[in-house]
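Engineer: Coordinates for the following, if possible.
(2 chains, ligands or ions: 3)
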There are 2 protein chains.
Amino acid sequence: MTTTPDPAVEQAADELTRTVLASFEGAPERLRTLAQGLVSHLHAFVRENDVTDEEWRHAIGFLTRTGHITSDVRQEFILLSDVLGVSSLVDILGNARAAGATPSAVLGPFYVEGPPELPQGADVSCGLDGEPVLADITITDTAGVPVADAVVDVWQANKDGYYDVQLPDQEGPVLRGRLRTDAAGRLTFWTILPAPYPIPDDGPVGELLAAAGRHSMRAPHLHFMIAAPGRRTLVTQLFVEGGDYLDSDAVFGVKEPIIVPFPEQDGPAPDGRPGPWRRVEFTFRLA
Amino acid sequence: MTTTPDPAVEQAADELTRTVLASFEGAPERLRTLAQGLVSHLHAFVRENDVTDEEWRHAIGFLTRTGHITSDVRQEFILLSDVLGVSSLVDILGNARAAGATPSAVLGPFYVEGPPELPQGADVSCGLDGEPVLADITITDTAGVPVADAVVDVWQANKDGYYDVQLPDQEGPVLRGRLRTDAAGRLTFWTILPAPYPIPDDGPVGELLAAAGRHSMRAPHLHFMIAAPGRRTLVTQLFVEGGDYLDSDAVFGVKEPIIVPFPEQDGPAPDGRPGPWRRVEFTFRLA
Ligand SMILES: [Cu+2]
Ligand SMILES: [Fe+3]
Ligand SMILES: [Fe+3]
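Structural biologist: Ligands and ions are numbered 1, 2, ... in the order given. This is a model prediction of the structure:
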């Protein structure tokens, strides 16, 4: 990092920063705090790194392209926040406000509102090719008391790392569904083992990752969104223990407590299916 | 500012930040420095202010709207950079690299490439209503040696604060032109006194200013872009001494050395025009 040694420049920059901070003095409390905090850190960043006009123009162009590629079905600003670890940091701070609950994890770009309602024991993979997994899920409060009738949305990639919305030949939803816990707070369903997948990397964020020599892969995971009356809605993921990219997830979404084993099982599956299958068991705690 | 007192959260956040910083270790030197600097300051901002998920979503929405309003003729990201003082800060650092030169100032959104070529002594206002101003400009190098044949683009708002591109009934360019210095580095032209004007405030940046209780007005100024072979191109402005908003320019563009008097003159103008007129004299130094 270079610093600007010229005292006249230092003084001019100090005075500018003070003037900009003062311009937010009259803002409502929270806006003032956030705007002044942002200005302080942005100005410090620009000064410490002696950012040039050319670099500034590049940044303006990058943000402009990020805005223009963003649409109803693609959110490049969220992706940018993800790959800079900002989404995950906000997530960590949010978890701190839900003491005792299972850690949350980022929503990701593939959630679709209103997934198909499925009964207990359903196969969300609808028979898609892949290694069968029996998910045995329990939902409790932070004291361990079961939460009955919780609404649980699940969604995931297939064995090749694609979500249904990415498959050109797939009509209608698959590998996603809405299920409900029973009186004991329990929920079982069948699915298949998800594969790692790349985040969309054909836009400005992909360029940034490529320029930085970073890959765009996410560790394999199942998504969950769990809602129950009077409880904080939990958006989280379960990561497959032993899966690839757990140590270098492109969006920094992996957290130790939500890496879980999907052990291979012997013998036929409980539903009579032949061949190898896996089982995942997890208890989510809602605040 | 609130801080997060929970040591487990502090540790998780520290570890996340370290992981994100490490992900840029393999980037080319300058990108690594900038990306790591940005991540450090952004993460510090988020943590110090305990930014909530709701605030994060608001920020994503703000950036998305800023991107969508940006077009070939409107640059809302530059405006955002302007009102946060970032453009002006980059400008100050750039000036430090051009020791002895006249301070630069922001380009602003109203420059148009290839303005009409005008002869010495021309009236760039084309007879528009307003208080006549005779501009007497000299261009030198940092040692005071005149720069002949420098290309000088000038542009400005009219007496009501509008640029030609904002006037629905105006056909073709007015209050803008390209002139050249003579052998003595000198250039004179006629124009009219510019009025203060608001930056475009019907987009996300305007909302931000309104929410913060800030006005959107710029102090009255003439724009200059001065180019000469072997010299650093100077983009700057001359501010009208005694004009409104000099102390609260919405984009923090005002600098002491480029606030200049436009004194009222007695008697008829040198070109024989009757009535009151003003005169501005300034020497620009190119690095
Ligand atoms: Cu900082
Ligand atoms: Fe995912
Ligand atoms: Fe202007």
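
Engineer: Which positions in stretch A:202-213 come out as buried?
Structural biologist: Residues of stretch A:202-213 classed as buried: A:203-206, A:208-209, A:212 (neighbour count, 16 or more other Cβ atoms under 10 Å in any protein chain shown). (C-beta placed from N, C-alpha, C; glycine too.)

Engineer: do stretch A:223-240 as well
Structural biologist: Quick answer for stretch A:223-240 (16+ other Cβ under 10 Å): A:223-226, A:228, A:231, A:234-240.

Engineer: So which of those is the closest to chain B?
Structural biologist: In terms of Cβ to the nearest Cβ, no member of the buried residues of stretch A:223-240 lies closer to chain B than A:Val235, at 9.2 Å.

Engineer: can I assume the closest one is in contact with A:Ile258?
Structural biologist: No - look at A:Val235 against A:Ile258 with Cβ atoms under 8 Å: they stay out of range, at 11.7 Å.

Engineer: Does A:Val136 touch A:Thr188 like I think?
Structural biologist: Actually, residue A:136 is Asp rather than Val. Yes - in this structure, A:Asp136 is within contact of A:Thr188 by Cβ under 8 Å, at 5.2 Å.

Engineer: of these two, who's got more company?
Structural biologist: A:Thr188 (17 against 13; other Cβ atoms under 10 Å in any protein chain shown).

Engineer: host element of the more buried one?
Structural biologist: Using DSSP states H and E, A:Thr188 sits in strand A:186-192.

Engineer: any idea which helix or strand comes after that strand?
Structural biologist: Next along from strand A:186-192, by DSSP H and E: strand A:197-198.

Engineer: Check whether that next one comes into contact with chain B.
Structural biologist: No - against chain B, strand A:197-198 shows no contacts by Cβ under 8 Å from any Cβ of the partner chain, the least distance being 15.3 Å.

Engineer: Next: stretch A:236-255.
Structural biologist: Yes - Stretch A:236-255 lies within reach of chain B by Cβ under 8 Å from any Cβ, at A:248, A:252, A:255.

Engineer: in stretch A:86-105, what counts as buried?
Structural biologist: Neighbour-count burial for stretch A:86-105 [16+ other Cβ under 10 Å]: A:86-96, A:98, A:101-105.

Engineer: Among the residues you listed, which ones are in strands?
Structural biologist: With strands taken from DSSP state E, there is no overlap with those.

Engineer: ok, which of these also contact chain B?
Structural biologist: Contacts with chain B within those, as defined by Cβ under 8 Å from any Cβ: A:86-96.

Engineer: So is stretch A:38-47 next to ligand 1?
Structural biologist: Yes - Stretch A:38-47 is in contact with ligand 1 by Cβ under 5 Å from the ion, via A:41, A:44.

Engineer: Spell out which residues are contacts of both of A:Val235 and A:Ile258.
Structural biologist: Common neighbours of A:Val235 and A:Ile258 (criterion: Cβ atoms under 8 Å, 6 or more residues apart in numbering or on different chains): A:Ala105.

Engineer: For A:Arg178, give the beta-bridge partners.
Structural biologist: Residues in a beta bridge with A:Arg178, per DSSP bridges, are A:Glu117, A:Asp153.

Engineer: re earlier: for ligand 1, state which of the residues of stretch A:236-255 next to chain B is nearest.
Structural biologist: A:Phe252 (19.4 Å; Cβ to the ion).

Engineer: The closest one: which element?
Structural biologist: Using DSSP H and E, no helix or strand contains A:Phe252.

Engineer: How about the contacts made by it?
Structural biologist: When contacts are counted by Cβ under 8 Å, 6+ apart, A:Phe252 touches A:82, A:85, A:87-88, B:16, B:19-20, B:23.

Engineer: can we see that at 7 Å?
Structural biologist: A:Phe252 makes contact with A:85, A:88, B:16, B:19-20, according to Cβ atoms under 7 Å, 6 or more residues apart in numbering or on different chains.

Engineer: now swap in A:Gly130 and tell me
Structural biologist: With the criterion set at Cβ under 7 Å, 6+ apart, A:Gly130 makes contact with A:158-159, A:192-193.

Engineer: can you rerun that using 10 Å?
Structural biologist: A:Gly130 is in contact with A:158-160, A:175, A:191-195, counting by Cβ atoms under 10 Å, 6 or more residues apart in numbering or on different chains.

Engineer: isn't A:Glu10 right next to A:Asp50, touching?
Structural biologist: No - using Cβ atoms under 10 Å, A:Glu10 is not in contact with A:Asp50, being 11.9 Å away.

Engineer: which stretches of chain A aren't confidently modelled?
Structural biologist: Applying pLDDT under 70 to chain A flags residues A:1-5.

Engineer: for the residue in it positioned nearest to ligand 1, what are its contacts?
Structural biologist: With Cβ to the ion, the shortest gap between chain A and ligand 1 falls at A:His41, namely 3.4 Å. With contact taken as Cβ under 10 Å, 6+ apart, A:His41 is in contact with B:38, B:40-46, B:48-49.

Engineer: residue ranges for the strands of chain A, please.
Structural biologist: Under DSSP E, chain A gives strands at A:132-141, A:151-156, A:176-180, A:186-192, A:197-198, A:217-218, A:221-227, A:234-240, A:259-260, A:264-265, A:277-286.

Engineer: Next, the angle from the longest helix belonging to chain A to helix B:29-48.
Structural biologist: Across chain A, the longest stretch assigned as helix under DSSP state H is helix A:29-48. Counting by axes from the mean of the first three to the mean of the last three Cα atoms, to 10 degrees, helix A:29-48 lies at 160 degrees to helix B:29-48.

Engineer: Show me which residues of helix A:29-48 are buried.
Structural biologist: Neighbour count says helix A:29-48 has A:32-48 buried, by 16+ other Cβ under 10 Å.

Engineer: so what's the closest residue to A:Ile137 other than its chain neighbours up against?
Structural biologist: Distance criterion Cβ to Cβ, 6 or more residues apart in numbering or on different chains; nearest residue to A:Ile137, sequence neighbours excluded, is A:Leu187 at 4.6 Å. Residues counted as contacts of A:Leu187 (Cβ under 10 Å, 6+ apart) are A:120-121, A:135-139, A:150, A:152, A:154, A:179-181, A:226, A:284.

Engineer: redo that, cut-off 7 Å
Structural biologist: Neighbours of A:Leu187 in contact, by Cβ under 7 Å, 6+ apart: A:120, A:137, A:152, A:179, A:181.

Engineer: Among those residues, name the buried ones.
Structural biologist: A:137, A:152, A:179, A:181.

Engineer: got the contact list for stretch A:102-122?
Structural biologist: Contacts with stretch A:102-122, where a contact means Cβ under 7 Å, 6+ apart, come from A:75, A:78, A:82, A:87-88, A:91, A:94-95, A:124, A:153, A:155, A:163, A:165, A:173, A:176-179, A:182, A:187-189, A:223, A:234-237, A:251, A:253, A:255, A:257-258, A:284-285.
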